[in-house]
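Visitor: Task: produce atomic coordinates for the following.
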Amino acid sequence: MRSHDLSLFDPRLSTLREELSAREKRFDPIPSKGGDRTHAAVSVILREGEEMELLLIKRAEAEGDPWSGQMALPGGRRDPSDSSLLQTAMRETAEETDVLLAEHGVLLGRLEPTIPATVRLPPVTIFPFVFGVPDGAQAQVSSREVDEVLWVPVTALQRPEMAGTVEIHYGDSSSRTFPCWRVGERVIWGLTYRILTGFFEILNATPP
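Guide: Presented below is the predicted three-dimensional model:
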């Protein structure tokens, strides 16, 4: 992706990039092939401003999609034509939200890979990449796989009143309760909740 001058961005993003770079040195290298697991990548996109905002999407209802209708981060499975998982994250973000990270974003680093905590979901390893975009950056629904895109203030997601639980019912009549955040009627849980929980721990530990 194009090199951007971080001095043009919020200074908090420069500090965050340094923190992510230090942590990334402890990660295993990204494998070139998925082996017995599918590889996917998602984008954690921060929009600078007086209050930093995070880009989320609501996936469209689709039969056969295990994440149908859920709140998520832009992203998806690696395509054979993708040269890297970073390219996967950028391509999927452009296809789903019309945000062109190669032109308007800056790569801040990546987070630890995440896998589903249940065998009910496909065997996939998700690689989250963190980006910063300038104040005023816009996103819009640009795929049939997405119902909604929205920017949510980072601090709002971490307010105690946003936290709760959600009961998920399965086809075999069983159910399970998961921690979540609620943004209006929207529920953020599962893999997205886990990825963002880890990210917020890093963000909050980063010196101002």
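Visitor: any weak-confidence spans in the chain?
Guide: Along the chain, the model assigns pLDDT under 70 to residues 1-9, 33-35, 64-67, 119, 171-172, 208.
Visitor: who touches the lengthiest helix in it?
Guide: Looking across the chain with DSSP state H, the single longest helix is helix 190-205. With contacts defined as Cβ atoms under 8 Å, 6 or more residues apart in numbering, helix 190-205 is touched by 16, 19-20, 23, 42, 44, 54, 56, 67, 70-73, 111-112, 114, 116-117, 126, 128, 130, 154, 157-158, 178-181, 188. For glycine as for every other residue, the C-beta is placed from the backbone atoms N, C-alpha and C.
Visitor: just stretch 157-168 next, same as before
Guide: By Cβ under 8 Å, 6+ apart, the residues outside stretch 157-168 that reach it are 54, 156, 175-183, 187-189, 196, 200, 204.
Visitor: repeat that for 7 Å
Guide: Around stretch 157-168, the neighbours that count as contacts under Cβ atoms under 7 Å, 6 or more residues apart in numbering are 156, 175-183, 187, 189, 200.
Visitor: Just the ones of those in strands?
Guide: S175, R176, T177, F178, P179, C180, W181, R182, V183, V187 (DSSP state E).
Visitor: Make JSON lines from those residues and add neighbour count and distance to I30 to it.
Guide: JSON lines is the format used below for the ones in strands among the contacts of stretch 157-168 (neighbours: other Cβ atoms under 10 Å; distance: Cβ to Cβ, whole Å):
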{"residue": "S175", "neighbour count": "9", "distance to I30": "36"}
{"residue": "R176", "neighbour count": "11", "distance to I30": "31"}
{"residue": "T177", "neighbour count": "10", "distance to I30": "33"}
{"residue": "F178", "neighbour count": "15", "distance to I30": "28"}
{"residue": "P179", "neighbour count": "14", "distance to I30": "28"}
{"residue": "C180", "neighbour count": "21", "distance to I30": "29"}
{"residue": "W181", "neighbour count": "23", "distance to I30": "28"}
{"residue": "R182", "neighbour count": "17", "distance to I30": "33"}
{"residue": "V183", "neighbour count": "16", "distance to I30": "31"}
{"residue": "V187", "neighbour count": "19", "distance to I30": "30"}
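Visitor: Among those, which pair sits farthest apart?
Guide: Put simply, by Cβ to Cβ the two of the ones in strands among the contacts of stretch 157-168 set farthest apart are S175 and V183, 22.7 Å from each other.
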